[in-house]
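Engineer: with the sequence up front, the predicted model follows.
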Amino acid sequence: MKCFIATMMIIGLVLAPVAAMAAGYTFDNDNADNDWNNAVNWNPDTSANLPNIHGPDDYTVDGANSTACAVFTEIGTAGSGTAYFTIDTSGTVSFTTPGNGPWYGRNVPTVVDHVSGTVNTESSCIGRGTAGTCTYNLSGGAWNLAGALTVGEQATGALLEQTGGAVSVGDNTSNDNLSIGMGVNYDGTYRISGGSLTVNATDLTANGGMNIGGWWYGGASPGNLYDGGPGLFEVVGTGPSSITVNGQLAVSGNSAGGGKGTLKFTMGAGGVTPMTVNGTVRATIAATWAGDARGDGDLVIDMTGLGGGVGDIPLILNDGVDAIVGSFAAPATNGAVYGSYALNYSGGDGNDLVLEGGTGGANPGTLIYGK
């Protein structure tokens, strides 16, 4: 009987489904041509899926290696399990497909760890497929996009977590956008607690810049903010060295596609790094046609980490003399008091969004507009 049971257990183990085994590949440039799409340049040189990365495989570019890919690439395009991509090099990783760079998280969950090195791409998407999603962790190095960047275009739970490094979106030759929560009924989050972010567009008033909870495209001024999904942009503490939008900042209200933009500031002990906007700031989006996102965006300010002795806290430094368009979801009037602070849409040099008159400490945990 014991032999029978043991035999059946062995048969069960043999017949049991076997999970896909992850394969690890490290770029070694054995062919000395820096070609991403050449399997010989990876160790082991048996990758059959290039230029794409399938789950649950794990690809790494490290050391002093540089690589370039001239064909369209999807990171996390197929397979099963989570696809991984690590960038930890003193070199450069370039995706040069005209008009479009990698799609991350196409059909399987994808994790990107960008530790060091420079990544150059055209336009790119974090969370592009309905069956996938992506977390892109940027702790060092630089990510330069000549075109647009979307977070949460056709995926749920898409996240760009920036704790260091530098992100640059757009090259000042077109109306490029950073869109967060771009896809209808899908969501995206961009959280920055370190490093720098710069968005560059040629049109500073209507058709380029940062869009939260929708995507801005064309049309007569002020253009059209199309329906998107929920989008969140969060600034954490004073760790970021700079956040600059050379273009418009648009935070959408409710839309037919479930879109709702949220701009969040989470206070550190000394306050928070302000956003500098060299263009139009839109806290309210007017409907210009039936498909547009519209209404008042949300503003959330988490005061729990604020230390004592902190005076005025600028949130948005608005260039020139143009006023912020509209206001965030009610209550959103000048003088709304939170602890020892009052919110002023006409603060700073006359058109900045500033928490004023405070002394720091002893403030309510979170002040929320519209959530």
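Structural biologist: Perfect, thanks for sending it.

Engineer: name the SS class of residue 265, please.
Structural biologist: Assigned by DSSP: H, G, I helix; E, B strand; the rest coil, the conformation of residue 265 is strand.

Engineer: where are the low-confidence patches of the stretch 101-250 of the chain?
Structural biologist: The stretch 101-250 of the chain contains residues with pLDDT under 70 at 175, 183, 205-207, 215-228.

Engineer: so where do the helices sit in it?
Structural biologist: Applying DSSP state H, counting those that start in this stretch to the stretch 101-250 of the chain gives no helices.

Engineer: show me what contacts residue 281?
Structural biologist: 248, 249, 316, 318, 324, 325, 353 (Cβ atoms under 8 Å, 6 or more residues apart in numbering). (C-beta placed from N, C-alpha, C; glycine too.)

Engineer: ChimeraX command for the buried members of those residues?
Structural biologist: In ChimeraX syntax, the buried subset of the contacts of residue 281 is picked out as below (16 or more other Cβ atoms under 10 Å):
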select :248,249,316,318,324,325,353
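
Engineer: can I get the contacts of residue 281 in a markdown table including distance to residue 54?
Structural biologist: Formatted as a markdown table, those follow (distance: Cβ to Cβ, whole Å):
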| residue | distance to residue 54 |
| --- | --- |
| 248 | 38 |
| 249 | 37 |
| 316 | 42 |
| 318 | 45 |
| 324 | 46 |
| 325 | 45 |
| 353 | 45 |
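
Engineer: ends of stretch 246-260, how far apart?
Structural biologist: Terminal residues of stretch 246-260 lie 23 Å apart, using Cα to Cα, to the nearest Å.

Engineer: can you put the contacts of residue 281 in a markdown table and add secondary structure and distance to residue 52?
Structural biologist: A markdown table is the format used below for the contacts of residue 281 (DSSP: H, G, I helix; E, B strand; the rest coil; distance: Cβ to Cβ, whole Å):
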| residue | secondary structure | distance to residue 52 |
| --- | --- | --- |
| 248 | strand | 35 |
| 249 | strand | 34 |
| 316 | strand | 40 |
| 318 | strand | 42 |
| 324 | coil | 43 |
| 325 | strand | 42 |
| 353 | strand | 43 |
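
Engineer: between the contacts of residue 281, which is nearest residue 65?
Structural biologist: residue 249 (37.4 Å; Cβ to Cβ).

Engineer: check the gap between that closest one and residue 144 for me.
Structural biologist: Distance of residue 249 to residue 144, computed by Cβ to Cβ, to the nearest Å: 21 Å.

Engineer: quick one: stretch 296-305 to chain centroid distance?
Structural biologist: 18 Å (Cα atoms, centre = their mean, to the nearest Å).
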